[in-house]
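A.B. asks: take this sequence and fold it.
(3 chains)
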Amino acid sequence: MPQTVLNDGSLNSRDPVQTTIQTVRRIIVFIVLLLVVGFGYPVFFFTTSIYRADLPVDEINEFSQFLKQKIHYKIPVYLDIPSTIQYSTTEAQSHLNEALSKAYPEFADFWTIDLIEGAKDIDPKEEYVVRFEYVPKTSENESPQEAIEISPHSKESKLFITDAINKGTLVGHFLSSVLIDMIFKEELADLSAVLAGKQSSADKNIVLPYSANYNLVFSLFVENGRSIDWQIDQSIRQFQPILDKLSHFANFSISTQVQYYSKLSKDLTFNESRGAYILQESDLATFINFGDWNLDTHDMNPSINFIIYFPESNYESKPWFIENIDSNAFLVKQWGGVYIFNKDRPVLNDSKVSLVESELNPIMETFASQLFQLLGLPSFPKSPYMRIDSLSRITLLKNLKKSLDNLRSLVKLTESLDEISIPELTKEHVLESLSFIKNALIKLDVSQDYHAAMTLSAQALKNSDRAFFEKEMVQQAYFPSEHRLAVFLPLLGPVGSILTIALLKLLMDLKSSRKSKKKTE
Amino acid sequence: MALAETISRKVHKLGLVPKAIKLLPVISFLLAVASVSWLLSLPLDGNYRNTYISENALMPSQVTSYFRESEWNIVRGYRGELEFLEQTSNEQRNLKMEKWLNDIGLVTAYHHNGFTKDTLYAIMHAPRGDDTEAMVLTVPWITSEGEYNLGALALAAALARYFSRMSIWSKNIIFVFPEDSHAALRSWVAAYHTSLENTAGSIEAAIVLEYGKNGDYFDYYEMFYEGLNGQLPNLDLLNTANLIGYHEGLHCSIQGTPGEELTKNTYFTRLRTLVRGIVALTLSGLRRNVPGCESFSGWQIQAITIRAKGSKGPHDVTQFGRVVDSTFRSVNNLLEKFHQSFFFYLMLSSKNFVSIATYLPSAVFLAVSFALSSLGCLLNSGVEASEFVNNIGRLLTIFTLIELGGFMLSLLLPLLTINTPLELQDEVVLQILLVLSIFTFILALSPLTLKKQFKFFKLNKPLTFGLISLSLFFISMLITTLLIVHFSLALLVGFLSLPLTFVQPIITQGLREKSARALEEDKLFEGSKKDPLSQIVSLGRADKAKIKVSLLLIISSPFFVIFLAGSYFDPENGVSLMRGLLTSWSELQCWTWYVVILGWFPAWLGIALSCVFGNFEVDYSAAFNDTKKEI
Amino acid sequence: MLVIPVVIYILSLLTAIIADPNVVTTDEAETIISESRHTNNWAVLVSTSRFWFNYRHMANVLSLYRTVKRLGIPDSQIILMLSDDIACNARNAFPGTVFNNMDQALDLYGDSIEVDYRGYEVTVENFIRLLTDRWDPDHPRSKRLLTDENSNIFIYLTGHGGNEFLKFQDAEEIGSYDIADAFEQMHEKKRYNEIFFMIDTCQANTMYERFYSPNILAVGSSRLDESSYSHHSDMDIGVAVIDRFTYYTLDFLEKVDKDSKQTMDKLFDVYTYQNVHSNPGIRTDLFKRDVSKVLITDFLGNVQNVVVDDVEKDILYNANHDEKGEVLAQNESKPIVSYSTIQISFDSEDDSHVLTELSPEFQRLAGLLTLLFVLALWLTAKQA
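C.D. replies: Residues are numbered from 1 along each chain as shown, chains lettered A, B, ... in the order given. Modelled structure (predicted):
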């Protein structure tokens, strides 16, 4: 190659033409290199790289690690202590704190009861109120007894104090035990279980996963085809007050249906001695005939099904019984409830059967109870106000925990799968979810408004789900990097090799010219 | 680099290059031998493969065919009616058949081709199909053997009736009844793809049925599959039909294997089938009595012809029908065009084949053999390369003129044939063949007879060698071009023109010996008179070479081959083959004629002309040096 | 007066606990069937091939569809993915039917079939999306796998596979890593309790070897470099109608009822080389329970856990009435005439079924005793 000979050596280094050629060549190589590095590589990088938005990992980790410390339940309870009772609110508070820290030492600063004196202007439907009443020994009542009365209609409870315990500490014990072991007993147990990451004892998988919307589906399944009238519309109205009270928890939409010719998948045996058809307890698990009965709502939101089953044998006045069980109802975990209807009076063959309100109401009571179980309401105390309050607090914690679990799973997933893309929308949902969590905590701290906080926590959960289930996140999951390289190799190979050789040559030139320079010097 | 350099130095040192150049004719010949041996080795165990179904969708013989005894009666009924039609005109026959098809509920139509009788066809639209694809059942009124196609016609009518009662068709079925399976069928196929109004979508597969007056029973069946211009139906179709036949207990004969040898499968039966297959594929479309399947070539239609042989049994006519039924059911299962299996293959028996990758080297060797001898011709001529370059313009002019002549012939001769009335055609073809044969004979013999002084035209040395070399190279290129699309033709042209490669070495060798001798004599008897005896001997030797050359030219002449092959294959001494060549393009779009007249013939002519008018004089000094070296 | 005898409540609770007949010791539980803690069952059934000659894949998947439906999984919890080009194929001699046996006894297509992903919707992307539930917000519920941590999922795949891949309709393929990663994502999001993965393709076992998420039980029909064979052809339809592996699976499952106590190991016992003509594989290392204690119906059925506890009978009454027993204004329903016949009062003894006959004296006595007992407990607890 003559050119290399010319370029080589110091003889020609002084030749002006040669030096210009050399410089021009160097400039060209440099420009090409600059183009490749400055333009080509970024283009390659941007067209092939998977977009991975930066998730607020530290914040998520911090929240999920210190969630318990960030939640402060401080439940105000208003005390109404008559002067006849030797007891003060401050005493009560210290007694209560003592008892609480003994029973739930881990709840310090997390869950407390704030006893407030004076309950005159307080609406017992809004706030917890405890009224003390002194029951003196009278002529009619020789030995009066201590008693508790927890209202089923509000958040009020009454403690009847007799002389026997009308002493500071004893009253304190009484109050503490009423609050901790009765009114808030299930709530505390549930919260403790949720914190420990276990299933709450009462749950046993009965409770449906939380959703902001539920469908309540009331179905009448009739074994044969004889038409039946049921006054379900009237009976359902009784649910309204409860559902109203649960409105912050979730939206419930109610639908009803009647389906005829709904056979069981298994025939029952007639028990002569009891004069009834007997449904084995073991058959209950497969009682619902999914193959034939249409229970699909096609709605995105989960359904809670309540089924009244009307056997054909009602026309023969032969009732159906569940073996070993008195009631005719059972609950299907995380799904709904079933009630087997036996007509009290014989049905005349040609008359039309109708289920009147009075017949339906006890069934609705059963369903209401089942609904409470399915939603995870504490079974005690009776008052729906108190139950719903407790439910809100439990659900708040559950939702926050679940949201953070989701976010943490998301982080873990993005760390373990290098190829998965993290779209900007995911990040937005994560941030939204986090801000809802923060807002819920602030709401709790500022006003102890459990209902509003719970609604915010539901939003946080929804957004964390959205972040995880972002549609775009699936796209690149199955596109291995080898494929990507293979697509570009025909382009990169030739260009790359030419460039590398040119670069090597340039470097060698530089080296030799430097050497020659040294020589000349 | 270093290694290559050492090698090249070594090669140079040992003088391998000149040696190799000298040996080029030998190498070329060895390659030709290798080509033949390769072909002969194909039927050896291990070199061929057993057939298999490659396309999953076909699923042959996985379905019960109900074309059985009850349908037999219907076949008999139709046959009884058809027997009366044998003596009637084509119009009446078609009318009767049309009525039957209409009764079944099929749409019928006619194709008027303008040169022979009309073709009746009927379309059975698939009741649940998408009406875009079709299968064709063709039944010519007259079989390729000139027999009234009685059994097949009755079978077709009965099958049409049977098919129309089935609901499983995804492809339409077309029934075609041409007068014969040659030009009439070909013109129908062409019209189907161009001008016909009643069509039923693209045709995927076609079966031509031949079942003459065998009666109710037949012994075995014959299958034909050669298409035009080297095309073959997809091997899957053959295998499907074969497998179905096998499950019916039928024996299949291909390439004219006689009935009693159907169960044999030895090296020689396989070789026979192979060779016959190559010849049959080369001649396909050139003969009059074609089986019909080649008419479908050129439109991506896979077609076979099946013909019932014998009348003794044990197989009955419904079995023949079941082969058609099951094959159609299999094709019906297809979702795409046939594409899975081979399109280029050679059959060794109905169950063995070799695919293109296995047999191709044979033709490649041959092409290389020609190329090497072309090279050898140049290098051993003793002419400087610059001289060749100087003469290249003239060389090309001469060759172009030869090609032009060939081109004129290629157009004129078919025109002449086609434009003569049918009854005089044979006469005209005979004249053409005679004229051409005589011309080639004269040309081939003229090196022997023509005295120097009669050579009114003389080629100089570079031109002579250049022309031979170019002609040989032309053949090599011809083989290379054809070897994939029409392997059989390439191979046969190669083999038949192989003698041409010996022409130049023989002449040179002869002259060299002669001159060497002359040189020796000159040295020995300087100044003295030449010994008459030795002169005679040398003359005799030279003449021996000339005789050899003439013989080589004669046996490699295309028209001599046509004459020879014609007299072997048909009783009209090549007239029919020649006519086939001349008319096959206009009737069937078969381009074998052009390969012969524009490829083979000009190359032959080029070599023949250079033999007649060429100058092969050997450079004495060079020859002397060579001999000295050898000593 | 609505004074609650607290005692009764507490006592009734105590008695209930003591008398609970359902309490079983852990030792006993071990010997019985290991309890799955799922509450719902889902099935994902996929035939990844199309075209007429793959009839058997369609029949495979429809057979399993029929089986899981028979065993109680509702249609809304079955995701059926298939090309669905067989029943109405022009080549089908029995239009509108799909059979899985040459006796043509059972038309798999006859019952109501709910195909969720049909034809060209059967893609790798849709399958991955289905598993990871990444969809448009308006994607219909019936086409989604809405599982949670209490769901047991049965996943069945059939089609043409190779080493660590499965072809989807001749157009694309899914790798075993893709499925493994999808399962991991499901695991992270707590989208399943347990998965039973079954695959009937050539070289099927290679598909589950990459799984790494817990609680997955996997079976495949054939080893690496092994084909999965069809069982038999129907000579009238003209195609193979079922694959061997699926045939023997179904043959076993036909004997299983909704409430059957058959266990998984019995199913695995039929996977022999003699039956399947290839070497079926079973992977249990990710699965925590012992397969001999896992019910078939844990995955293929929908056995629901029921509770027959006592229920409260006054929630609605309390919600609709005030302290005085009067109907609240917001309730517009007319007064319930016959309601009085039912005992609902707050201090009613009907509250408890366990203690129904208690005199007021006894109640008081018990109340006092319990109170004392409670007090005593407090005191002792304090000292401790």
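A.B. asks: and the residue of the stretch 1-150 of chain C nearest chain A?
C.D. replies: Nearest residue of the stretch 1-150 of chain C to chain A: C:Pro74, at 3.6 Å (Cβ to the nearest Cβ). No exception for glycine: its C-beta is placed from N, CA and C like everyone else's.
A.B. asks: and for B:Ala357, the neighbour number?
C.D. replies: With neighbours defined by other Cβ atoms under 10 Å in any protein chain shown, the count for B:Ala357 comes to 9.
A.B. asks: show me the contacts for the closest residue to the residue of the stretch 1-150 of chain C closest to chain A other than its chain neighbours.
C.D. replies: Nearest non-adjacent residue to C:Pro74, counting by Cβ to Cβ, 6 or more residues apart in numbering or on different chains: A:Phe290, 3.6 Å away. Neighbour list for A:Phe290: C:69, C:72-75, C:302 [criterion: Cβ atoms under 8 Å, 6 or more residues apart in numbering or on different chains].
A.B. asks: shaky segments in the chain?
C.D. replies: No chain specified, so I'll use chain A. The model of chain A has pLDDT under 70 over residues A:1-14, A:199-204, A:349, A:475-485, A:520-521.
A.B. asks: chain B is the one I meant
C.D. replies: Residues of chain B meeting the criterion pLDDT under 70: B:1-2, B:4, B:449-457, B:521-542, B:569-573, B:617-631.
A.B. asks: domains in it, by residue range?
C.D. replies: Using automatic domain parsing, the domain parsing of chain B gives B:21-43+B:358-630, B:72-259+B:303-350.
A.B. asks: which helix in chain C runs the most residues?
C.D. replies: Criterion DSSP state H: the longest helix present in chain C is helix C:360-383.
A.B. asks: how about the residue nearest the centre of chain C: what's its closest non-neighbour residue?
C.D. replies: Geometric centre of chain C, nearest residue: C:Asn41, 1.4 Å, by Cα atoms, centre = their mean. Distances taken as Cβ to Cβ, 6+ apart place C:Asn302 nearest to C:Asn41, at 4.5 Å, with adjacent residues excluded.
A.B. asks: and what of B:Gly146?
C.D. replies: B:Asn289 (7.2 Å).
A.B. asks: confirm that the one you found sits in a helix.
C.D. replies: No: secondary structure of B:Asn289 (DSSP: H, G, I helix; E, B strand; the rest coil): coil, not part of a helix.
A.B. asks: residues contacting it?
C.D. replies: Neighbours of B:Asn289 in contact, by Cβ under 8 Å, 6+ apart: B:144-146.
A.B. asks: measure it to A:Leu220 for me?
C.D. replies: Taking Cβ to Cβ, to the nearest Å as the measure, B:Asn289 falls 83 Å from A:Leu220.
A.B. asks: picking that back up, okay if I get the domains of chain B as a markdown table plus mean neighbour count and distance to A:Leu208?
C.D. replies: Output for the domains of chain B, formatted as a markdown table (neighbours: other Cβ atoms under 10 Å in any protein chain shown; distance: least, Cβ to Cβ, whole Å):
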| stretch | mean neighbour count | distance to A:Leu208 |
| --- | --- | --- |
| domain B:21-43+B:358-630 | 18 | 69 |
| domain B:72-259+B:303-350 | 20 | 48 |
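A.B. asks: okay if I get these as CSV plus distance to A:Phe110?
C.D. replies: As requested, these are exported to CSV (distance: least, Cβ to Cβ, whole Å):
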stretch, distance to A:Phe110
domain B:21-43+B:358-630, 83
domain B:72-259+B:303-350, 67
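A.B. asks: ok, C:Val303 touching A:Leu284?
C.D. replies: No: counting by Cβ atoms under 8 Å, C:Val303 sits too far from A:Leu284 to count as a contact (10.0 Å).
A.B. asks: can you name the residue of the stretch 351-500 of chain B nearest to chain C?
C.D. replies: B:Lys351 (22.3 Å).
A.B. asks: how about the residues of chain C by chain B?
C.D. replies: Residues of chain C lying close to chain B by Cβ under 8 Å from any Cβ of the partner chain are C:51-53, C:89-93, C:95, C:233, C:235-240.
A.B. asks: and if we set it to 10 Å?
C.D. replies: Taking Cβ under 10 Å from any Cβ of the partner chain as the measure of proximity, chain C contacts chain B at C:50-55, C:85, C:88-95, C:160, C:170, C:233-240.
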